[in-house]
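**Q** For reference, the sequence and a predicted model appear below.
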Amino acid sequence: MEDHPVCWICQHGGANQVDHKIPRSKRRGRLETWNWRPAHGPPGCPTCKRCCNQVRGTGDVAPTAWVTSPDW
């Protein structure tokens, strides 16, 4: 992954964790890199302050539901 990629959940930069698009608990077997997405973990997104990966948990959340403008 590139340095400070855009979080796939909130669409803000500074993602610092790998999230699994299909949660590991719902997909048994190997860890597959095609399932990885950049996301914010602690200390949270510098723009919206969410820990997107932890807030999402294992739920099926549409990433666009959390999009805010960059100056929000």
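**A** Happy to help now that I have it. Keep in mind the model is a prediction, meaning the values are calculated, not measured.
**Q** Tell me where the model's unsure across the chain.
**A** Scanning the chain for pLDDT under 70 picks out the ranges 1-4, 29-30, 60-72.
**Q** What segments of it are helices?
**A** 52-56 (DSSP state H).
**Q** ok, A39 touching G14?
**A** No - counting by CB atoms under 8 Å, A39 sits too far from G14 to count as a contact (10.5 Å). C-betas here are computed from N, CA, C, even on glycine.
**Q** For those two, work out which one has more neighbours and name it.
**A** A39 (27 against 16; other CB atoms under 10 Å).
**Q** Please name the nearest non-neighbouring residue to the more buried one.
**A** D19 (3.6 Å; CB to CB, 6 or more residues apart in numbering).
**Q** and what of G44?
**A** Distance criterion CB to CB, 6+ apart; nearest residue to G44, sequence neighbours excluded, is C51 at 4.8 Å.
**Q** show me the contacts for the one you found.
**A** H40, G41, P42, P43, G44, C45 (CB atoms under 8 Å, 6 or more residues apart in numbering).
**Q** run the last query once more with 6 Å
**A** H40, G41, P42, G44 (CB atoms under 6 Å, 6 or more residues apart in numbering).
**Q** Against N35, how distant is the second one?
**A** Going from G41 to N35 by CB to CB, to the nearest Å gives 17 Å.
**Q** how about the strands of the protein, start to end?
**A** For the chain, the strands defined by DSSP state E cover 17-20, 36-39.
**Q** so which of the ones you listed comes closest to C7?
**A** Closest to C7 of the strands of the chain is strand 36-39 (CB to CB; 5.2 Å).
**Q** Show me what that closest one is in contact with.
**A** M1, P5, C7, W8, I9, A15, Q17, V18, D19, K21, C52, N53.
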